[in-house]
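In: Here is my input, please return the structure:
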Amino acid sequence: MLNINEGKNELIVKNCRHLAHYSAFIAKAREFEKDGCSLQEAIKKAVVFCCDHDILKELLEENASEVLNMLMTEWNWDDAKQVWQDEAREEGIVQGRDEERQYFLDLINQGLSLEEIKKQISTTTA
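Out: As a prediction, this is how the structure comes out:
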């Protein structure tokens with residue numbers, strides 16, 4: 001994990017426009033908050049500022065509400081781990097179904113009859 005806050009790891013930030021823009025966006029939100037805005041208002045003002053100055057403009061114009069929600073939500077490792085586990089489980093189920101489907105297609109393409117396929121499956125699952 002790298003700190004890309006304003007003034008930190010400048011070489012990396014300088015060489016990656018996306019990181020530089022994200023760093024500028026966060027710095028602007030912090031500036032607005034320091035000037036007395038609530039966190040939510042500071043983020044909203046930073047979105048407007050960055051769009052006006054072509055900083056993450058496309059992303060912010062298309063996803064401003066998601067960005068606001070993400071930045072306003074407290075990060076929770078346990079919740080994040082649960083989401084990752086749920087996503088991995090769903091991907092595993094899809095992959096398993098795809099492999100099973102391919103297995104049956106291979107048996108059909110080999111010219112096996114329905115009875116032979118049933119027999120093949122019963123010996124595989126036993």
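In: Could you name the helices and strands sitting against the strand or helix carrying C50?
Out: Element membership for C50, per DSSP states H and E: helix 39-52. When contacts are defined as 3 or more Cβ pairs under 8 Å, 6 or more residues apart in numbering; DSSP states H and E, helix 39-52 sits against helix 17-34, helix 57-72. Placement of C-beta: from N, CA and C, glycine included.
In: Output the ones you listed in CSV, with mean pLDDT appended to each entry.
Out: As requested, the helices and strands packed on helix 39-52 are exported to CSV (pLDDT from 0 to 100):
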stretch, mean pLDDT
helix 17-34, 88
helix 57-72, 80
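In: Return the most buried member of those.
Out: Mean neighbour counts were compared across those using mean count of other Cβ atoms under 10 Å; the top stretch is helix 17-34, at a mean of 17.
In: quick one, that one and helix 57-72 angle?
Out: Put simply, helix 17-34 runs at 50 degrees to helix 57-72, going by axes from the mean of the first three to the mean of the last three Cα atoms, to 10 degrees.
In: hmm, back to that, quick check, distance from the helix holding C50 to the centre of its chain.
Out: In this view, helix 39-52 has its centroid 22 Å away from the chain centroid, taken as Cα atoms, centre = their mean, to the nearest Å.
In: Only alpha carbons, please: show it as CSV.
Out: This file holds the C-alpha atoms of helix 39-52, laid out as CSV (Å, rounded to 0.1, in the frame of the first residue of the first chain):
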residue,chain,number,x,y,z
LEU,A,39,-17.1,16.0,4.8
GLN,A,40,-20.1,15.4,2.5
GLU,A,41,-20.2,19.0,1.3
ALA,A,42,-16.4,19.0,0.9
ILE,A,43,-16.5,15.9,-1.3
LYS,A,44,-19.4,17.4,-3.4
LYS,A,45,-17.4,20.6,-3.9
ALA,A,46,-14.3,18.6,-4.8
VAL,A,47,-16.3,16.7,-7.4
VAL,A,48,-17.5,20.0,-9.0
PHE,A,49,-14.0,21.6,-8.8
CYS,A,50,-12.4,18.5,-10.4
CYS,A,51,-15.0,18.3,-13.1
ASP,A,52,-14.4,22.0,-13.9
